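S.K.: Output the structure for:
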Amino acid sequence: MGAGIALVGSVSALQPVSVCNEQLSSRVDTNDAWIRSRTGIAARRIAGPGETLTSLATAAAQAALEQAGWDAEDLDLILLATSSPDDLFGTAPRVQGAIGARQAAAFDLTAACSGFLFALITAGQYIRGGTVGRALVIGADQLSRWIDWDDRSTCVLFGDGAAAVAVEACEEPRNGLLGFKMHSDGRRADCLSLRQRDDHVPLLEGHSSQKGGFETIHMNGQEVYKFAVREVPAVLQELLNSTGTTAEQLDWLLLHQANQRILDAVADRFAIPHERVLSNLARYGNTSAATIPLMLDEAVRDGRVRPGDLIASSGFGAGLSWGAALLRWGGPGGARAPAAPG
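M.R.: Numbers count the residues shown, from 1 in each chain. Sure, this is the predicted structure:
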């Protein structure tokens, strides 16, 4: 095969339990109007008993194989973008074992809300290098386990979910990863964090050992908002310039689903009509690494995104990290896509 990367399948996995704003208002001092006006969120899915990140990611992975028409043993790579693994040593291998992908290497990639896009770009480099022919890129997070449900500034924002995209090597005319940019700034890491607890237990006389465990999510909402509305348009412009693309050529803008005001502000910056901005934030909230593939899958299933459509996508969040990619949707069966613009 050539040096292209075709996006040939997308699926999602969601918990059945949806928690609406009115339900949260019975626990914390908030209300539906306050949450909607500041975030655009109306509800979010929350994992229940017996539902784990592994089970969600496995369901998405299995469905992605079926949609792409692949056998599990033909899979070369599984990348799981997550910041909330069931096992700190890695959850991707558990997914690999569950779906029977015995020939596939599997590992986690942690980049919070930028994770899926960073993982997709990483898979693309393995494919371009010729070492991988077929890969599953999964975005999955279960942040409900790390939320302070008495903190109204964060508990209203996050939800759980998983989605996967199947990608494979292809000839250049079908290439679906037309360009990308990635950035990080650890100097601002404390703006959005999930830190190790500073707990110690006695070990030997005069010595102690740090006890494992994490705090709940901490976020400086104002700083994260200012970061997003400044850096996301900048990285998208950087991407468009590097690929010789204009905003008018885009069929869709697909951003990390964090806040509707951010989505609207970025669209306005590029004079992109709001109806061309993909958003399901109202129903699912911020599912971290899962937001972009969840939204992509929904738009593919309802027919908005069609084979050949040109999509500018950007992920941004903790780290702080942010990036963008220019994508061409291929569709199940490897539908032929046009050549890159410019």
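
S.K.: who does Leu79 bridge with?
M.R.: Assessed by DSSP bridges, Leu79 has beta-bridge partners Phe107, Val137.

S.K.: contacts for stretch 35-46?
M.R.: If you take Cβ atoms under 8 Å, 6 or more residues apart in numbering as the criterion, stretch 35-46 is touched by 14-21, 24, 32, 144, 156-161, 259-261, 263, 279, 281-287. C-beta: built from backbone N, CA, C; applies to glycine.

S.K.: How is the residue nearest the centre of the chain assigned, secondary-structure-wise?
M.R.: In the chain, the residue lying closest to the centroid (Cα atoms, centre = their mean) is Ala289, at 2.8 Å. Classification of Ala289 by DSSP: H, G, I helix; E, B strand; the rest coil places it in helix.

S.K.: since we're on the closest residue to it other than its chain neighbours, how many residues are nearby?
M.R.: Nearest residue to Ala289, sequence neighbours excluded (Cβ to Cβ, 6 or more residues apart in numbering): Gly115, at 3.6 Å. Burial of Gly115 is recorded as 33 neighbouring residues (other Cβ atoms under 10 Å).

S.K.: thinking again about what came up before, list buried residues within the contacts of stretch 35-46.
M.R.: Among those, those classed as buried by 16 or more other Cβ atoms under 10 Å are 14-15, 18-19, 21, 24, 32, 144, 156-161, 259-260, 263, 279, 281, 283-287.

S.K.: picking that back up, I'd assumed Phe116 was in contact with the residue nearest to the centre of the chain.
M.R.: Yes: with contact defined as Cβ atoms under 8 Å, Ala289 counts as touching Phe116 (4.8 Å).

S.K.: okay, and the common contacts of these two?
M.R.: 81, 139.

S.K.: Could you export the top helix by length along the chain as PDB, CA atoms only?
M.R.: Ranked by number of residues, the top helix in the chain under DSSP state H is helix 221-243. Taking Å, rounded to 0.1, in the frame of the first residue of the first chain, the C-alpha atoms of helix 221-243 are listed here in PDB:
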ATOM      1  CA  GLY A 221     -12.300  27.500  34.400                       C
ATOM      2  CA  GLN A 222     -11.500  31.100  33.300                       C
ATOM      3  CA  GLU A 223      -7.900  30.300  32.400                       C
ATOM      4  CA  VAL A 224      -8.900  27.200  30.400                       C
ATOM      5  CA  TYR A 225     -11.500  29.100  28.500                       C
ATOM      6  CA  LYS A 226      -9.100  31.900  27.700                       C
ATOM      7  CA  PHE A 227      -6.500  29.300  26.600                       C
ATOM      8  CA  ALA A 228      -9.000  27.600  24.300                       C
ATOM      9  CA  VAL A 229     -10.400  30.600  22.500                       C
ATOM     10  CA  ARG A 230      -6.800  31.900  22.000                       C
ATOM     11  CA  GLU A 231      -4.900  28.800  21.000                       C
ATOM     12  CA  VAL A 232      -7.500  26.800  19.100                       C
ATOM     13  CA  PRO A 233      -8.100  29.300  16.300                       C
ATOM     14  CA  ALA A 234      -4.300  29.800  16.100                       C
ATOM     15  CA  VAL A 235      -3.500  26.100  15.700                       C
ATOM     16  CA  LEU A 236      -6.300  25.700  13.100                       C
ATOM     17  CA  GLN A 237      -4.900  28.700  11.100                       C
ATOM     18  CA  GLU A 238      -1.500  27.100  11.400                       C
ATOM     19  CA  LEU A 239      -3.000  23.900  10.000                       C
ATOM     20  CA  LEU A 240      -4.900  25.500   7.200                       C
ATOM     21  CA  ASN A 241      -1.800  27.500   6.100                       C
ATOM     22  CA  SER A 242       0.400  24.400   6.100                       C
ATOM     23  CA  THR A 243      -2.000  22.400   4.000                       C
END
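
S.K.: Need the residues that contact the helix or strand following that helix.
M.R.: Sequence order places strand 252-255 as the next helix or strand after helix 221-243, per DSSP states H and E. Around strand 252-255, the neighbours that count as contacts under Cβ under 8 Å, 6+ apart are 232, 262-263, 266-267, 270, 272, 276-278, 292, 295-296, 299, 304-305, 309-316, 327.

S.K.: So how do I select the buried members of those in ChimeraX?
M.R.: ChimeraX command restricting the contacts of strand 252-255 to the buried ones, with burial defined by 16+ other Cβ under 10 Å:
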select :232,262,263,266,267,270,272,277,278,292,295,296,299,305,309,310,311,312,313,314,315,316,327
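
S.K.: Please flag which of the contacts of strand 252-255 sit within strands.
M.R.: 310-316, 327 (DSSP state E).

S.K.: For Cys170, state which of those residues is nearest.
M.R.: When the ones in strands among the contacts of strand 252-255 are ranked by distance to Cys170 (Cβ to Cβ), Leu327 comes first, at 13.6 Å.

S.K.: got the contact list for the closest one?
M.R.: Going by Cβ under 8 Å, 6+ apart, Leu327 touches 7, 176-178, 254, 310-313.
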